[in-house]
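Participant: Got a predicted structure here, sequence first:
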Amino acid sequence: MTVATETVRPGRVRKRGGPVQTSEGQRAEARLALWLLLPAGIVLAVIIAYPVVRALWLSLNSDARFGTSEFVGLDNYIRAFTGSGAEAFWQAFWFTTQLTIVTMFFELVIGFGMALIMNKAFMGRGLVRASVLVPWAIPTAVAARLWEWNFQPDGVVNQVFGTNIIWTAGHWSSFWAIVVADVWKTAPFIALLVLAGLQIIPSEVYEAAKVDGATALQSFRRITLPLVKSAVVVAVLFRMLDVLRIFDLPFILTNGANQTETLSTLSYKESIQQLHPGYGSALSTITFVYIILAAFLVNSLARADVVKAQGGR
Amino acid sequence: MPRRLGKFAFIGAVLMLVLTACGGPDEGGGGGGGGAAQGTGPITFVAGKDTSGKYPAVIKKWNDAHPDQQVKLLELPEAADAQRSAFVTNLQAKSDTYDVMGIDVVWTAEFAKSGWLLALDESQFPLDQMLKPAVDTGRFEGKLWAMSYDTNGGLLFYRKDILDKAGKQPPKTFDELKALCPVAQQNNMDCYAGQFAKYEGLTVNFAEAVQAAGGELMTDNGTKAALGGPAVQGLSFLADGFKNGTMPKPAITYKEEEGRRSFMSGKLLFLRNWPYVYGLAAESDPANKVKGKVGIAPLPGFTGAGSSSLGGLNLAVSAFSKKQGTAVEFVKFATNQENAKEMVGLTGNAPAWTALYDDPELVKKFPFLPTLKEGMQTAKPRPVTPYYQEVTTAIQEDAYAALQGQKTPDQAINDLTTKLNQIGSQG
């Protein structure tokens, strides 16, 4: 990789460093480029930069409902980490984290399985592919209502398993209810991404492995897994970003009862329901930073792994 | 390169400035004094989505009579949270686009204290012909800020067929209700349910239990906790109910609809719910097993009649409206007896006008009205406090913990008292 950058760089420098004086034509081109970029720049500033900066600013101000709010520095953050909001915040933080790890594990395993099945050539493959994707096509809020019904005391889940559990009345039963609903809905998404990865693996590789006498398990571990890995990493990243800001399912299934508040439902309740824009913005900012860090971590882990695997060969 | 970057940064900075100036921090609103309402002309009436089609008729009547002061209806989303945030955003910006606002009864104090509402002249409304509790939902700090458009109270629905067979009368107190639970058991039914999931309905049911014991939630214009002994007694009834089987275990997940379904599938003897259940329980539907078997009674209490929480919609005039004269006139018009009667006929919602509960035409259509009137005499607004949302969240937290057995009622009320006092003492 380092070698590649070195060979590219001199070329670029030469191109730029040629004439010191930029010609009039080049400057006009640069001006044109600026004007052409401006609309996109404005759109980005309005829809991304402004809300982020404004939320950051709000998070540094107090929430006086009937007076004027003042600059309070990091008070809102301290309140979340160690102050009066700490109990609710850490509950939401750990619950969201647990939820992310557990749902991602199941989604990955089940999604991978689905992808392997969909990748095989058999009668009615089109039908299977289409039906596997149905849950993914249903809007999350609708899916949440559906599972709310399923998990009712006299709902489908209890009927099918002959159990008598009041799912949304306890912490862990609520946790598993949310996990099941989320896995049901998004395992197809993982399956779709993994399937795309599987389909670019040329069949010759498998044939060669077969000729060499590799077992099915060996070709799965030595061919399928490494080659589909980048697709899986993308899928994991997407899902992680999604679950860390999960809102609809817990909001509809439990409304945060029995310590099932997530970071997003908590932020929503503070900023919209309670009208605490300062504290709510602090919570959203923390969530935002947490998601970025988590994504960064997963990304660098995955990349290190890929580099190591390539270096080993 | 640096120069170009500088240019971008400059444009960015200008943009940021312009944007922050638009949405800059808001100072607490002024406005809202007494004074005569002034200004006439076309106005906008803003309310949550009109699901029952009750507004067009009254607006048309008004518009036909006032060609130069036309009323335009602007509908907000159906969900209460979304409505409230639309109102708050608009009013914080002191916008004059909303003239007359249909607001949830529990927001009145908050909006009034924020200086967003015009105080109404009480002498212009025939308040003595209206139910006091309904009118009180619009009062805060001694002034009338909003006029009741429709109201809503709880009823006790019961299985008349089963009580008749057992030769029993519907319960007037919680003790009588508990004593009837064996009848439910003999019929393989659950005994009693209300709304006990962790949401607004729990606040309503908790408040009713506290009021039934003669207590209330908050005093001093909603800045101090009242609670005390009656609150412990009320909460204990609910918490014990889950332990001794008066309430079935699944009722901890019940909102309005879950309880209604259980009742209408014939699995529940007593149900606390809103009047809308009456109409549904009278319909012919394969899922409705209780057609013609339902009786209604006022909510039970501890020593006598209980006390319902009030729901409903109030009409208020924006402090920032430039046509407050027209706005006030429209509020008077929309809430007058004739229009109220039409509204009840269309929706079955409870009116503020006392006389309408005995109106033969309406009673024929909605036979629950006389019973509801009985309950309405003792009904109380949910705490009229400018911090309603925080108050109800705190109530749900502690009441739910008590129902789940994670706190004793004593402990829960203690914790709640501390929290409510804290909430009430903030700026």
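Facilitator: It's in.
Participant: ok, longest helix in chain A?
Facilitator: helix A:277-312 (DSSP state H).
Participant: and the helix or strand where A:A231 lies, what does it pack onto?
Facilitator: Taking DSSP states H and E as the definition, one finds A:A231 inside helix A:225-244. The contact analysis (3 or more C-beta pairs under 8 Å, 6 or more residues apart in numbering or on different chains; DSSP states H and E) places helix A:225-244 against helix A:86-119, helix A:171-199, helix A:277-312. No exception for glycine: its C-beta is placed from N, CA and C like everyone else's.
Participant: and the next element down the chain from that helix?
Facilitator: helix A:248-253.
Participant: List the contacts of whatever residue of the stretch 201-350 of chain B ends up closest to chain A.
Facilitator: Residue of the stretch 201-350 of chain B nearest chain A, by C-beta to the nearest C-beta: B:P250 (3.4 Å). Counting by C-beta atoms under 8 Å, 6 or more residues apart in numbering or on different chains, B:P250 makes contact with A:152-154, A:166, A:169, B:258, B:262.
Participant: ok, now how distant is it from A:A169?
Facilitator: Remark: distance between B:P250 and A:A169 (C-beta to C-beta, to the nearest Å) = 8 Å.
Participant: B:Y98 now?
Facilitator: The gap separating B:Y98 from A:A169 is 41 Å, by C-beta to C-beta.
Participant: Would you format the helices and strands packed on helix A:225-244 as TSV with mean pLDDT included?
Facilitator: Shown next, in TSV, are the helices and strands packed on helix A:225-244 (pLDDT from 0 to 100):
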stretch	mean pLDDT
helix A:86-119	94
helix A:171-199	94
helix A:277-312	84
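Participant: Look through the stretch 51-200 of chain A and state the residue closest to chain B.
Facilitator: A:P153 (3.4 Å).
Participant: which non-adjacent residue is nearest that residue?
Facilitator: Once flanking residues are discounted, A:P153 sits nearest to B:P250: 3.4 Å by C-beta to C-beta, 6 or more residues apart in numbering or on different chains.
Participant: Need the pLDDT of the one you found.
Facilitator: B:P250 is assigned 93 on the pLDDT scale.
Participant: what's the answer for A:K15, then?
Facilitator: pLDDT for A:K15: 47.
Participant: Close to chain B: what parts of chain A are there?
Facilitator: Within reach of chain B by C-beta under 8 Å from any C-beta of the partner chain, chain A has these residues: A:30, A:34, A:38, A:41-42, A:45-46, A:49-50, A:53-54, A:57, A:61, A:64-69, A:152-154, A:166, A:168-169, A:254-258, A:269, A:272-275.
Participant: Show me which of these are buried.
Facilitator: When the residues of chain A next to chain B are checked for burial by 16 or more other C-beta atoms under 10 Å in any protein chain shown, the buried set is A:41, A:45, A:50, A:54, A:61, A:65, A:69, A:152-153, A:166, A:168-169, A:254-258, A:269, A:272-275.
Participant: Looking at these, which are in strands?
Facilitator: Among these, no member falls in strands (DSSP state E).
Participant: so how far is stretch A:43-63 off the chain centroid?
Facilitator: Offset of stretch A:43-63 from its chain centre (C-alpha atoms, centre = their mean, to the nearest Å): 22 Å.
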